[in-house]
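**Q** Here is a sequence together with a model predicted from it:
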Amino acid sequence: MVLDNLKDSVRKFLTGSSSYDKAVDDFIKELQKALISSDVQVKLVLSLTNKIKERLKNEKPPSSIERREWFIKIVYDELSNLFGGDKEPKVTPEKIPYVIMLVGVQGTGKTTTAGKLAYFYKKKGFKVGLVGADVYRPAALEQLKQIGDQIQVPVYGEPNSNDAVGIAKRGVEKFLGEKAEIIIVDTAGRHGYGEEVKLLEEMKNIYDAINPDEVTLVIDASLGQKAYDLASRFNQATKIGTIIITKMDGTAKGGGALSAVAATGATIKFIGTGEKIDELEVFNPRRFVARILGMGDVEAIIEKFQEVENYDKVQKKMEEVITGKGKLTFRDLYNQMIALRKMGPLSKIFQLMPGIGMLGQIPEDQLKIGEEKMKKWLAIMNSMTYEELDNPSIIDKSRMRRIALGSGTRPEDVKELVDHFNLMQKTIKMLKRRKKDVEKLFGGQ
Ligand code: GDP
């Protein structure tokens, strides 16, 4: 079992019929197995699963989120932390000039990636140079030159030489002399069958000759478990600082990446997502883990959590409005509608509003607002300026006409919303006066 199978485990967990506790135990066991067979250190695996268990014990799911979804969110959070959490890798060089040496086996996409990197940095405004030191693949230099022409980045190579170390050295020196800011050196992937030792020796020699600021291992996403050995061997020859995973656009595999990280301690910096020159993304740990766990399922869960967070924010603001610290504006009403819309039918909006619905102060017809009307009101609020949203009292007849035109409604509709809003404000004022009720409602705050 490798990490890629986790998608199925997530599915099974979310839709399975076994009891929650058993499903959690099973999932954690599968996660451990998957990580260990991807060669992640046992210690790391245990600390990860312990953290998950601890959070399960100490935290509670938000009321509107199912326990199973909450559990997957915890797994997602903790797994993301393994890859760097919320931090995106640093891609801007720490010093200028900066020499990047690319290593990896043939066919991984090293040459293509060299071009992509050059393009990435050129677009950021750096003066870039490419060095083609892959002397064993006949077309490698030609390929690099074509890419260089396409993106207008100079390429150094020596077509009839097989002195990879010399080429790398002369290439870097030439570009340093030309005041290049970032120099990217493409190296060979293979010498011939069974000649890996020679390849690694060559990497070491190139490394010693050019003394790069960063060695980047390029690996293919589909490499799976083999990535661990491969990354370790390269790491022994030249200390790997960063990793680029190519071909992430194919079947989204993840085990290899994790193995490579585990083997080298390096950080993943970019991922390749296609053959084209601009198909290179800065690595984002969370997005990557979502891919491993099954993008669709996980994204839906994360979205739900965000909705809950937004809802909580709106709720807090409304509490402030009612308890006297804040003022109600259309913007609050709008945010509240958007947040509530995702939580359930819009028509329930006022019942759900903290304070208002619960107090039963508002006549039934004010509470029951139809779905259609809610949609209309959202459109109307969308056509208001920020100034109008924040200060609804400025909405006079001519503004009403303009808003109606912009939202495809009638001025009467706009007036109805404004009237309703005024009524809400009045009700809130009344509630504020009835301090006793409010204190009772919010536990004496
Ligand atoms: P090298 O031998 O490591 O230098 O590999 P190449 O750069 O020649 O790439 C090998 C093949 O992989 C080429 O057909 C590339 O177009 C393709 N390739 C490289 N990166 C990606 C990627 O991120 N996605 C996809 N789909 N193909 C890629």
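**A** Looks like it came in fine.
**Q** Residues of the protein that sit close to the ligand?
**A** Counting by C-beta under 6 Å from any ligand atom, the residues of the chain close to the ligand are 106-112, 137, 189, 246-247, 249-250, 272-275, 279. Glycine gets a C-beta too; all of them are placed from N, C-alpha and C.
**Q** So which of these belong to helices?
**A** Using DSSP state H, the members of the residues of the chain next to the ligand that fall in helices are 110-112.
**Q** buried ones in the longest helix along the chain?
**A** The residue-count maximum for a helix in the chain (DSSP H) belongs to helix 295-323. Neighbour-count burial for helix 295-323 flags 297-298, 301-302, 304-305, 307-308, 310-311, 314-315, 317-319, 321-323 (criterion: 16 or more other C-beta atoms under 10 Å).
**Q** follow-up on the earlier one: including pLDDT and neighbour count, could the ones in helices among the residues of the chain next to the ligand go into a markdown table?
**A** What follows is those, written out as a markdown table (pLDDT from 0 to 100; neighbours: other C-beta atoms under 10 Å):
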| residue | pLDDT | neighbour count |
| --- | --- | --- |
| Lys110 | 94 | 27 |
| Thr111 | 94 | 27 |
| Thr112 | 96 | 23 |
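**Q** Let me know the closest of the residues you listed to Tyr228.
**A** For these, the minimum distance to Tyr228 (C-beta to C-beta) is 19.1 Å, reached by Lys110.
**Q** helix, strand or coil for Ile100?
**A** Three-state call for Ile100 (DSSP: H, G, I helix; E, B strand; the rest coil): strand.
**Q** what's the burial count for it?
**A** By the measure other C-beta atoms under 10 Å, the count of residues near Ile100 is 23.
**Q** Would you agree it is in contact with Ile184?
**A** Yes. Taking contacts as C-beta atoms under 8 Å, Ile100 lies within contact range of Ile184: 5.0 Å.
**Q** Under a three-state scheme, what state does the residue positioned nearest the centre of the chain occupy?
**A** Taking C-alpha atoms, centre = their mean, the centroid of the chain lies closest to Arg287, which sits 3.9 Å from it. At Arg287 the chain is in helix, as set by three-state DSSP.
**Q** coming back round to it: need the overlap of contacts for Ile100 and Ile184.
**A** Leu117 (C-beta atoms under 8 Å, 6 or more residues apart in numbering).
**Q** picking that back up, so which elements touch the longest helix of the chain?
**A** helix 6-15, helix 67-82, helix 285-293, helix 330-343, helix 411-433 (3 or more C-beta pairs under 8 Å, 6 or more residues apart in numbering; DSSP states H and E).
**Q** Can I get the last one in CSV, CA atoms only?
**A** Coordinates of each C-alpha in helix 411-433 appear next as CSV, following Å, rounded to 0.1, in the frame of the first residue of the first chain:
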residue,chain,number,x,y,z
PRO,A,411,-37.3,50.6,-7.4
GLU,A,412,-40.1,49.2,-5.3
ASP,A,413,-38.0,46.1,-4.6
VAL,A,414,-35.1,48.2,-3.4
LYS,A,415,-37.5,50.3,-1.3
GLU,A,416,-38.9,47.1,0.3
LEU,A,417,-35.4,46.0,1.3
VAL,A,418,-34.6,49.4,2.7
ASP,A,419,-37.8,49.4,4.6
HIS,A,420,-37.2,46.0,5.9
PHE,A,421,-33.7,47.0,6.9
ASN,A,422,-35.1,50.0,8.8
LEU,A,423,-37.5,47.8,10.6
MET,A,424,-34.7,45.5,11.6
GLN,A,425,-32.7,48.4,12.9
LYS,A,426,-35.7,49.6,14.9
THR,A,427,-36.2,46.1,16.3
ILE,A,428,-32.6,46.0,17.3
LYS,A,429,-32.8,49.4,19.0
MET,A,430,-35.8,48.1,20.9
LEU,A,431,-33.9,45.0,21.9
LYS,A,432,-31.1,47.1,23.1
ARG,A,433,-33.5,49.1,25.3
